[in-house]
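Engineer: Predicted model and sequence follow; I will ask about them next.
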Amino acid sequence: MKLREKILEEIRTRGPLAFSRYMDLCLHEPELGYYSRHAGQFGKAGDFYTASDVHAVFGRLLARQFEEMWRALGSPAPIEILELGPGRGLFAQDVLAWSRKKFPAFFAALHYSLLEQSPALQERLRQTLAEHFASGKASFSGLARRSAPLIIFANEFFDAFPVDVLSAEGKLYVGEQGGNFVESWAPAAAAELEYLDRYGIHPEGKQRVEVALPAQRMMEEVAAAISTGFVLAIDYGYTRAEQLAGRYLDTLVTYRRHSAGSNPYEAPGEQDITAHVNFTALAAAAEDAGLHLQKLLTQSQFLMGIGEANQFADAFEECRLPQEQAKVALQLKHLVTPSGMGESFQVLMGSKGVPTETVEGLSGLSFAKSRLQAG
């Protein structure tokens, strides 16, 4: 049975589905959902790419930041990094390789854990990180609370959580008519309206806005897993202030073969469906669960802070020819400039059990801080 028929069957049995349920089925239905059925979504040959597909420098810079975090925690052994939604494992591969090469003491203390539910992606991770699985350096893990120091990393993770869609007419539901998906509206729940009160805006006219309660619940779980350590979440998103200014309404988008679309009802299970992250809501969930948060940064500010001290030597170290340097410079530019990922991606950093002045000394925070002081 194709996913489309399975969804239509559920609608006929249960009635119209909340959009969040429809989105969850499209992305995560076992064997048929977009993230469940195969591991070919990522990279140039897939539907979209992440920062680790651009160049290994992303993982190398983060390895440098993780090593600083480890020292900020007192250089404990062991130290665990838990990556949420690790995809094909390219980021983990880059972090482990660069840590072994540049930070041997950190590498010796490091255990790299991966939170991934998809069997197809688990198999791909076992292949990519075969050496580290064999040595015991890497393993799959859940979100149970740790007593030992922990760094949790999430890159383009929260944008894949199902969202509900609200308009002036109420909450969006997906029904069926003549074998086709049709939209209808019903009154929103109190929790969804409260979400808009606190973290967004109430839509008017034809406006649509997303409510991301599952992402908030996940952030609460993430924060609760840490007794001492850090959370680092990088994603494309916005704040409530930006919504109040009239931006980031109806951010729902689909991706297929590197083309963005606006029809989530086309080819269910064969295209990615995503929404921008509401960082005001995500930050509130993190703080409520006991994390101390730093000011929200752009990816550009964060990576510039890490790489500025050594002029991004992590990117250019292996370049031998001028044309190689030019190619890497273009790839780095894509990660840090407004025309690439630099301004559209935001970085949320939180900590627990670490002195504030120690956290504020991390290099990832230094670029934004220096510009603020200069201003």
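Structural biologist: Happy to help now that I have it.

Engineer: Packing partners of the longest strand along the chain?
Structural biologist: Among the segments of the chain that qualify as a strand by DSSP state E, the longest is strand 229-238. Judged by 3 or more C-beta pairs under 8 Å, 6 or more residues apart in numbering; DSSP states H and E, strand 229-238 is in contact with helix 57-72, strand 150-155, helix 213-224, strand 277-278, helix 279-288, strand 345-352. (Glycine included, C-beta is placed from N, CA and C.)

Engineer: for these, which one ends up most surrounded?
Structural biologist: strand 277-278 (a mean of 28; mean count of other C-beta atoms under 10 Å).

Engineer: Mind giving me the packing neighbours of that strand?
Structural biologist: Strand 277-278 packs on strand 229-238, going by 3+ C-beta pairs under 8 Å, 6+ apart.

Engineer: For the strand it packs on, which strands pair with it and how are they oriented?
Structural biologist: Strand 229-238 sits in its sheet next to strand 150-155 (parallel), strand 277-278 (parallel), strand 345-352 (antiparallel), going by DSSP bridges.

Engineer: Pull the residues that contact the shortest one.
Structural biologist: Contacts of strand 277-278 with the rest of the structure, by C-beta atoms under 8 Å, 6 or more residues apart in numbering, involve 158-159, 199-200, 210, 212, 215, 235-240, 243, 346.

Engineer: same check, this time on the last one
Structural biologist: With contacts defined as C-beta under 8 Å, 6+ apart, strand 345-352 is touched by 51, 223, 226-238, 277, 279, 282-283, 286-287, 290-294, 296-299, 301-302, 359, 362, 364-365.

Engineer: and it, average pLDDT?
Structural biologist: Averaged over strand 345-352, pLDDT sits at 97.

Engineer: which parts of the next helix or strand after it are buried?
Structural biologist: Next in sequence after strand 345-352, counting helices and strands by DSSP states H and E, comes helix 356-359. By 16 or more other C-beta atoms under 10 Å, the buried positions in helix 356-359 come out as Val359.

Engineer: which residues are contacting helix 356-359?
Structural biologist: Ala72, Phe230, His292, Gln294, Met349, Ser351, Leu365.

Engineer: What separation is there between the nearest residue to the first one once chain neighbours are set aside and Val222?
Structural biologist: Right, the one you point to is Ala72. Nearest residue to Ala72 in three dimensions, chain neighbours excluded: Thr358, at 4.8 Å (C-beta to C-beta, 6 or more residues apart in numbering). Computed as C-beta to C-beta, to the nearest Å, the Thr358 to Val222 distance reads 21 Å.

Engineer: what do you get for Leu249?
Structural biologist: For Leu249, the distance to Val222 - C-beta to C-beta - is 27 Å.

Engineer: tell me the average confidence for stretch 255-262?
Structural biologist: pLDDT averaged over stretch 255-262 gives 84.

Engineer: Over to stretch 141-156?
Structural biologist: Stretch 141-156 comes out at a mean pLDDT of 96.

Engineer: Quick check: Trp81 is in a strand.
Structural biologist: Actually, residue 81 is Ile rather than Trp. Yes - counting by DSSP: H, G, I helix; E, B strand; the rest coil, Ile81 is found in a strand.

Engineer: How many residues are close by it?
Structural biologist: Neighbourhood size, Ile81 [other C-beta atoms under 10 Å]: 26.

Engineer: for Asp94, same thing?
Structural biologist: 21.

Engineer: cool, the one 3 residues further on as well?
Structural biologist: By the other C-beta under 10 Å criterion, the neighbourhood of Ala97 contains 17 residues.

Engineer: tell me the contacts of Glu176?
Structural biologist: Leu8, Ile11, Arg12, Pro16, Val182.

Engineer: With secondary structure and pLDDT as added columns, please give the residues you listed in JSON lines.
Structural biologist: Below are these laid out as JSON lines (DSSP: H, G, I helix; E, B strand; the rest coil; pLDDT from 0 to 100):
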{"residue": "Leu8", "secondary structure": "helix", "pLDDT": "97"}
{"residue": "Ile11", "secondary structure": "helix", "pLDDT": "98"}
{"residue": "Arg12", "secondary structure": "helix", "pLDDT": "96"}
{"residue": "Pro16", "secondary structure": "coil", "pLDDT": "98"}
{"residue": "Val182", "secondary structure": "strand", "pLDDT": "98"}
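
Engineer: Done for today, thanks.
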